[in-house]
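In: Predicted model and sequence follow; I will ask about them next.
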Amino acid sequence: MKKAENYAYKVYQTKSFSKAAKMLYISQPSLSATIKKLENELGFEIFDRSKNLITLTPEGTLYIEYLEECMHNKRDMYYRISQLSSLSGEKLYVGGRNYFARIFLPKICGEFHRQFPDVEIKIDLGEAGTLNDITDKLDSGQVECILGFVCDESRYSYVPLFNDRIVIAIRRDTPGAEELLPYALTREEILSGKEFPDKKADNSLFEKFEFIRYGKTSNIKQDIPGFMERCRISRCYTMNSRKYDIKYDMMLEGMGCVIVSELLLKQRPDRCDEVLYFLPDVAPGSRQAKVIYKKSTPLSGSAKEFIKIAQQMFADF
């Protein structure tokens, strides 16, 4: 399905624009505008918005039936192609160890499975071991490609997927936060993708605030080199946890400020009215999400198809 059709079907499934927007990782205004544009192109309204629970109009019911028929035909086509495909009997072993991988590997692999149901799929999230455990597995051939941000280009090749901006999040009621209001942005403004050059906050403005500690090997810490060293460190921190958004939860409970990514904000619309968001004045201020694989080893057909699906999934991200 096209993007707008996919959005409309997700609203139909959830019976809610807000729930659909959360699942699609976009803002609700952006979702509503896309659906309205689709309805204008079709010449009829898909949804009856007069009630709290979103329902279909009579025309919308026929439209959703049409979409479901298209999806059925597409799945049938992919299944029949997979029977002829050289991928039949192949294996897809992919991995990652960060928040990005944990969120999106199942989604990408789910679409891969729909297209190539006979391929065995293994997802390795590297939940135990050292920082390098997942790249060690890439080197040894236990996984063929990984989702990540950091790539040693002397050893690995990569396919870019999207840019993920770095964001500072501080509770509104944090003492001294009122002084930062001229630089503050809303979650919706951050997710709009705009640059806001007049609101770039100099790093020195945050030096008096307590930040929740990140580990020495944290990617998010490395994206703002030297920043944490100049700030006060909160007495509240996590140990032995790879749940990236737990620090965001701690910030929401007043335990310190955090450095997070735009990707996390897409997943966390809850309580955003309690938070001030800032784009730090650093270069480049973002990191690139990638599919990473070994230079020295040719990709299998299944890995190539996995990368194609990932690129399609993030084309409008």
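Out: Now that the structure is in, tell me what you want to look at. Numbers count the residues shown, from 1 in each chain.

In: For the residue lying closest to residue 12 once chain neighbours are set aside, give me its contacts.
Out: Sequence neighbours aside, residue 64 is the residue nearest to residue 12 in space, at 5.3 Å (criterion: Cβ to Cβ, 6 or more residues apart in numbering). For glycine as for every other residue, the C-beta is placed from the backbone atoms N, C-alpha and C. Residue 64 is in contact with 8, 9, 12, 46, 56, counting by Cβ atoms under 8 Å, 6 or more residues apart in numbering.

In: for the helix or strand hosting residue 64, which positions count as buried?
Out: Applying DSSP states H and E as the criterion places residue 64 in helix 58-84. Within helix 58-84, the residues that qualify as buried are 60, 63, 64, 67, 78, 82, counting by 16 or more other Cβ atoms under 10 Å.

In: just the contacts of residue 64 now: which is nearest residue 292?
Out: residue 9 (31.9 Å; Cβ to Cβ).

In: what packs against whichever strand or helix holds the closest one?
Out: Secondary structure from DSSP H and E places residue 9 in helix 3-14. When contacts are defined as 3 or more Cβ pairs under 8 Å, 6 or more residues apart in numbering; DSSP states H and E, helix 3-14 packs onto helix 17-24, helix 28-42, helix 58-84.

In: right, and those - which one's nearest residue 149?
Out: Using Cβ to Cβ, the nearest of those to residue 149 is helix 17-24, at 22.2 Å.

In: pull the CA atoms of the closest one into CSV?
Out: Extracted C-alpha coordinates of helix 17-24, given in CSV (Å, rounded to 0.1, in the frame of the first residue of the first chain):
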residue,chain,number,x,y,z
PHE,A,17,-6.1,8.9,15.1
SER,A,18,-3.9,9.3,18.2
LYS,A,19,-3.3,5.5,18.6
ALA,A,20,-2.6,5.2,14.9
ALA,A,21,-0.2,8.1,15.0
LYS,A,22,1.7,6.5,17.8
MET,A,23,2.0,3.2,16.0
LEU,A,24,3.1,4.9,12.8
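
In: now the helix holding residue 9 against helix 58-84, angle please.
Out: 110 degrees (axes from the mean of the first three to the mean of the last three Cα atoms, to 10 degrees).

In: Now do helix 3-14: everything it contacts.
Out: 1, 17, 20, 23-24, 31, 34-35, 37-38, 46-47, 54, 56, 60, 63-64, 67, 316.

In: circling back to that earlier point, would you format the contacts of residue 64 as TSV with distance to residue 170 included?
Out: Output for those, formatted as TSV (distance: Cβ to Cβ, whole Å):
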residue	distance to residue 170
8	37
9	37
12	38
46	40
56	42
